[in-house]
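Colleague: Kindly generate the corresponding structure for this input.
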Amino acid sequence: MSDRNDDRLDPAAVLPHLMQLSAVLNRSQLTERAMDQVGIPLDRPALTVLVTLRMAGQPLRVGEIATRMQVVGPHVTRHLHELERRGLVHRVTDPNDQRARLIELTSEGGEAAGRYLGAVLGWFTDAVADWSDEDRRVFGTLLTRFVRDVTARLADPDDHST
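Modeller: Purely as a prediction, here's the structure:
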């Protein structure tokens, strides 16, 4: 069995592609264009709260929303007040703990998040429309794994291993 170094990931070769993707996403104003399709003027963090709830498919505690957004609870709480005032979310009693509250999308909040997701997912679906089913499956699997592993590595500032 031969050692094939050419099959190994070369981070130096991947980094320019990651930088290019980041620049394209920023330059294309993907988020802003999708937010325009929502039809409700929201800032990015507030929209992220709605999308987080929509993707969860169930009401969540503030702490769980914060964890999924990778922010602190007070950050979410600030945006929830405005979202509640606008009728996009409301608080409901946690059936497992009557003292606790969950955040639930209203129908208007769910529809807004759905319009945003439809726009973004439509653009990404179009980008890989000519790919084979196997290529799309492998890409999804590897991208998910890469993001998870990089996120975990960067979350531990004391881990300096290579």
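Colleague: Give me the mean pLDDT for the longest helix along the chain.
Modeller: Ordering each helix of the chain by length in residues (DSSP state H) puts helix 133-155 first. Averaged across helix 133-155, pLDDT comes to 91.
Colleague: in this protein, which helix or strand is least confident?
Modeller: Within the chain, no helix or strand scores below helix 30-38, which has a mean of 80 by mean pLDDT, DSSP states H and E.
Colleague: which other residues reach the next helix or strand after that one?
Modeller: For helix 30-38, the following helix or strand on the C-terminal side (DSSP states H and E) is helix 44-56. Applying CB atoms under 8 Å, 6 or more residues apart in numbering, the external contacts of helix 44-56 come out as 31, 35, 38, 42, 59-60, 64-65, 68-69, 71, 75-76, 79-80, 82-83, 88-89, 103-105, 109-110, 112-114, 116-117. The C-beta positions use only the backbone N, C-alpha and C, and glycine is treated the same way.
Colleague: Mark which of the residues you listed are part of strands, please.
Modeller: Val89, Ile103, Glu104, Leu105 (DSSP state E).
Colleague: of all those residues, which two lie farthest apart?
Modeller: Ile103 and Leu105 (8.1 Å; CB to CB).
Colleague: what's the overlap in contacts for those two?
Modeller: Between them, Ile103 and Leu105 share the contacting residues Leu53, Val89, judged by CB under 8 Å, 6+ apart.
Colleague: And Arg99, how close does it get to Arg91?
Modeller: 13 Å (CB to CB, to the nearest Å).
Colleague: Between the two, point out the one with more neighbours.
Modeller: Arg91 (14 against 6; other CB atoms under 10 Å).
Colleague: which neighbours does the helix or strand hosting that one have in its sheet, and in what orientation?
Modeller: Arg91 is part of strand 89-94, with elements assigned from DSSP H and E. Using DSSP bridges, strand 89-94 pairs in its sheet with strand 97-105 (antiparallel).
Colleague: chain center to the strand it pairs with: distance?
Modeller: How far strand 97-105 lies from its chain's middle: 22 Å, per CA atoms, centre = their mean, to the nearest Å.
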